[in-house]
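> return a 3D structure for these sequence lines:
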Amino acid sequence: MIKYETDHGSIRVDEDVFANLVGDAATGCFGVRGMAMRSVTDGLVHLLKKESMRKGVYVTYHEDSSVTVDLHIVMSEGVNIPETCRNIIDEVRYKVKTATGVRLKAVNVFVDSAIGD
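Numbers count the residues shown, from 1 in each chain. This next block holds a predicted model:
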């Protein structure tokens with residue numbers, strides 16, 4: 001649970017809600033096919049459905065009330081990976097700040113796979 005204080009009181013955001021917000025922001029970017037999760041049993045990368053996208057988001061809480069987010073994604077083939085990753089980072093930072101006010105220490109994007117159309 002993410003908890004932070006404001007001038008008006010304290011706010012708590014459930015981790016699943018936060019992860020869904022982050023996953024939605026990332027998958028809304030051009031070139032992103034979806035969130036990814038590596039299978040423990042076979043080691044293969046699986047494209048997650050919309051309702052399971054939070055499984056590709058890993059949240060780390062810090063003592064200074066900031067958060068680090070790791071995103072595992074699947075991209076479309078042929079997109080500019082560095083530019084797409086910058087867009088994802090910017091979009092996630094913007095959506096998290098406007099929706100929750102949580103300070104993000106870092107947004108790390110891991111491209112686990114690329115698939116064609």
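
> could I get the phi/psi values of residue 78?
When read as degrees, to the nearest 10, the backbone of residue 78 gives phi 90, psi 0.

> check contacts around it.
residue 116 (C-beta atoms under 8 Å, 6 or more residues apart in numbering). All C-beta atoms are positioned from the backbone trio N, CA, C, and that covers glycine.

> and it, how far from residue 34?
16 Å (C-beta to C-beta, to the nearest Å).

> ok, what's across the strand from residue 6?
residue 9 (DSSP bridges).

> shouldn't it be in contact with residue 65?
No. The pair residue 6 / residue 65 is not scored as a contact, 11.2 Å apart, by C-beta atoms under 8 Å.

> which one's more surrounded, those two?
residue 65 (13 against 8; other C-beta atoms under 10 Å).

> okay, that one and residue 106: tell me how far apart.
14 Å.

> what do you get for residue 31?
With C-beta to C-beta as the criterion, residue 31 and residue 106 are 21 Å apart.

> which of the two has more neighbours?
Set side by side, residue 31 and residue 106 show more neighbours around residue 31, with 18 against 12, by other C-beta under 10 Å.

> ok, and the closest non-adjacent residue to the more buried one?
Nearest non-adjacent residue to residue 31, counting by C-beta to C-beta, 6 or more residues apart in numbering: residue 79, 3.5 Å away.

> SS state for the one you found?
Look at residue 79: counting by DSSP: H, G, I helix; E, B strand; the rest coil, its state is coil.
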